[in-house]
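Novice: whatever this is, show me its structure:
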Amino acid sequence: MARSKRLHRSSDGTPYEPDLRRAKDLVMQLMAIPGRSGNERKVAEFIRTKLLGAGASPGAIESDSVHLRTPMRGDTGNLVFKLPGTRRADRRMLSAHMDTVPLCVGCKPVLRGEFVRSAVPGTALGGDDRSGVAVVLNAALEILRRDLPHPPLTFCWFVQEEVGVQGSRQVKKSMLGRPKMAFNWDGGSPYKLTVGATGCYRLTLDIEGLASHAGLTPELGVSAIAIASLAIADLQRAGWHGDVRKGRKAGTSNFGLICGGDSTNVVTDRVEVRAEARSHDPGFRRRILQEIEKSFKRAAREVRSARGARGRVTMNNLLAYESFRLPGDEPCVLVAESAVRSLGQQPQRGIANGGIDGNWTNRHGIPTVSLGCGQRSPHTVNEKLDIEHFHEGCRIGLRLATGTES
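Specialist: The predicted structure follows:
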């Protein structure tokens, strides 16, 4: 794909060009900072130091305490930096998430050709989402250092996205300054606009059986493992596991964790199963949950001891994030498309089957479109960052922050 031509600052409102060398140094530094979910404090301190060094008022930077309320207690909350506008306009928000998956801890980013990779075998890079963090931070630093005109702005760096989109879920809209539109960076192509995403329930099934000696009296036990196995097998046969399609309805389900038992000579009496159900259709997502619960309770009735004892199943579920789809004429979508076109590129709208911070910011009433920033193969040891696409993300970010996208 052809790259855009370099643009320079002008006095007639045309876009400003960021310092791309400095932006590259910024993302390289950010990817080297360890900061898995719940341990983002060093990343937040780095961002705060950079903002203060560029002239930000200390009072304009604040952190919340969501990390004290999340299921995974963390060491810092969401970080927010607000700027009053130099001109009258609706407030805009630029955001990204600070945490990475554990596989990224210990990485050492190195640029080879067009891509940045980790020089440490067995580690992921952390471009997801330190490249997004860098895009947002770079836009703020460019405005501060060069005193660029801009609408009222909020820059937000969320915590704990990788473990259930927790930071954006619990953030207070008032802390964000009640922006009218938002732009989130977390993905690959800078020209792709994520305008919708699926919703997800996380569920825990607690299965209670009856312990017995597996060699002497196995018939007196009720195996919790057998109950779980029967239920999952039935769901697989009936098409309610994996890629779930029923008529025009579609979704997914997955059993990701099964824990129970500690000896082969005991009929296992306790098993915990953790699973998820996803769909863009909230009603169909609930239907998947119902089928899972029915299957496990049916299996619990089927597995009996020689004396007629049965097991029990308790299911608890939590909405991890709700689905959303922005209207085609939503202002944040049209503005983002203008920014992409200003680079001589054609924007592409897309729908995601995973959760992003936009799921919750949209739920909070802040229309949010997500854009890419060069990430490739995230969450794997093959992860790399397309540095030219990252630069394009920085260009788009600065145009959206300064309102010079058209």
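
Novice: all helices of this structure, in order?
Specialist: In the chain, the helices defined using DSSP state H lie at 20-31, 41-53, 127-146, 166-170, 224-237, 282-302, 331-341, 357-363, 387-402.

Novice: which elements pack onto the second one?
Specialist: With contacts defined as 3 or more Cβ pairs under 8 Å, 6 or more residues apart in numbering; DSSP states H and E, helix 41-53 has these neighbours: helix 20-31, strand 61-63, strand 79-83, helix 127-146, strand 153-158. Any C-beta I mention is one placed from the backbone N, CA and C, and that applies to glycine too.

Novice: for R298, see how far away the residue sitting nearest the centre point of the chain is.
Specialist: In the chain, the residue lying closest to the centroid (Cα atoms, centre = their mean) is I356, at 3.6 Å. Per Cβ to Cβ, to the nearest Å, I356 is found 35 Å from R298.

Novice: likewise S377?
Specialist: 40 Å.

Novice: same check on E219?
Specialist: Taking Cβ to Cβ, one finds E219 at 21 Å from R298.

Novice: neighbour count: those two, which is higher?
Specialist: Each of E219 and R298 has its neighbours counted (other Cβ atoms under 10 Å); R298 has more, 14 against 11.

Novice: hey, what's V80 bridged with?
Specialist: V80 forms beta bridges with E62, C156, as assigned by DSSP bridges.

Novice: which ones are touching it?
Specialist: Taking Cβ atoms under 8 Å, 6 or more residues apart in numbering, we find V80 in contact with I61, E62, S63, D64, T154, F155, C156, W157, M175, L176.

Novice: ok, of the residues you listed, which come out buried?
Specialist: The neighbour count (16 or more other Cβ atoms under 10 Å) marks I61, S63, D64, T154, F155, C156, W157, M175, L176 as buried among the contacts of V80.

Novice: would CSV of these with pLDDT and distance to D269 be doable?
Specialist: Below are the buried ones among the contacts of V80 laid out as CSV (pLDDT from 0 to 100; distance: Cβ to Cβ, whole Å):
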residue, pLDDT, distance to D269
I61, 98, 53
S63, 97, 45
D64, 97, 43
T154, 98, 52
F155, 98, 52
C156, 98, 47
W157, 98, 45
M175, 95, 47
L176, 97, 48
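
Novice: now flag whichever of those is closest to S212.
Specialist: Set against S212, the nearest of the buried ones among the contacts of V80 by Cβ to Cβ is D64 (51.0 Å).

Novice: quick check: phi and psi on the residue nearest to that closest one when sequence neighbours are not counted?
Specialist: The shortest distance from D64 to any non-neighbouring residue, by Cβ to Cβ, 6 or more residues apart in numbering, is to G77 (4.2 Å). Note on G77: backbone dihedrals following degrees, to the nearest 10 are phi -100, psi -170.

Novice: distance check, G77 against T70.
Specialist: 9 Å.

Novice: contacting residues around C259?
Specialist: C259 makes contact with V271, E272, V273, according to Cβ under 8 Å, 6+ apart.

Novice: leaving out chain neighbours, which residue sits closest to E161?
Specialist: Going by Cβ to Cβ, 6+ apart, E161 has H97 as its nearest residue, at 3.5 Å.

Novice: any idea what the one you found is bridged to?
Specialist: Beta-bridge partners recorded for H97 (DSSP bridges): F158.

Novice: low-confidence ranges, the stretch 1-150 of the chain, go.
Specialist: Counting by pLDDT under 70, the low-confidence segments of the stretch 1-150 of the chain come to 1-14.

Novice: ok, 50 please
Specialist: 1-10 (pLDDT under 50).

Novice: still on that earlier bit, between the helices of the chain, which gets nearest to S263?
Specialist: The closest of those to S263 is helix 224-237. By Cβ to Cβ, the value is 12.2 Å.

Novice: how about the contacts made by the residue nearest to L203 when sequence neighbours are not counted?
Specialist: Setting aside the residues directly before and after it, L203 is nearest to N317 in space (Cβ to Cβ, 6+ apart), at 4.0 Å. Shown in contact with N317 (Cβ under 8 Å, 6+ apart): Y201, R202, L203, T204, L289.

Novice: can you tell me which of the residues you listed end up in strands?
Specialist: If you go by DSSP state E, the contacts of N317 have Y201, R202, L203, T204 in strands.

Novice: what's the farthest-apart pair in these?
Specialist: Longest span within the ones in strands among the contacts of N317, Cβ to Cβ: Y201 and T204, 10.7 Å.

Novice: give me the number of residues near the nearest residue to G127 once chain neighbours are set aside?
Specialist: Nearest non-adjacent residue to G127, counting by Cβ to Cβ, 6+ apart: L385, 4.0 Å away. Neighbour count of L385, defined by other Cβ under 10 Å: 30.

Novice: in the sheet, who's paired with L385?
Specialist: V116, Q375.

Novice: quick check, pLDDT for it.
Specialist: For L385, the pLDDT comes out at 98.

Novice: how close does it sit to G35?
Specialist: L385 sits 16 Å away from G35, going by Cβ to Cβ.

Novice: what does T217 give?
Specialist: T217 sits 52 Å away from G35, going by Cβ to Cβ.

Novice: could you do G199 as well?
Specialist: For G199, the distance to G35 - Cβ to Cβ - is 27 Å.

Novice: those two - which one has more neighbours?
Specialist: Remark: of G199 and G35, G35 carries more neighbours, 25 against 21, as counted by other Cβ under 10 Å.

Novice: report the separation between the residue lying closest to the more buried one once chain neighbours are set aside and S63.
Specialist: Leaving aside its sequence neighbours, G35 sits nearest to V43 (Cβ to Cβ, 6+ apart; 4.2 Å). Distance of V43 to S63, given as Cβ to Cβ: 12 Å.

Novice: again, but for D19
Specialist: As for D19, its distance to S63 is 27 Å (criterion: Cβ to Cβ).

Novice: what's the answer for V303, then?
Specialist: For V303, the distance to S63 - Cβ to Cβ - is 50 Å.

Novice: please apply the same query to H364.
Specialist: For H364 relative to S63 (Cβ to Cβ), the value is 18 Å.
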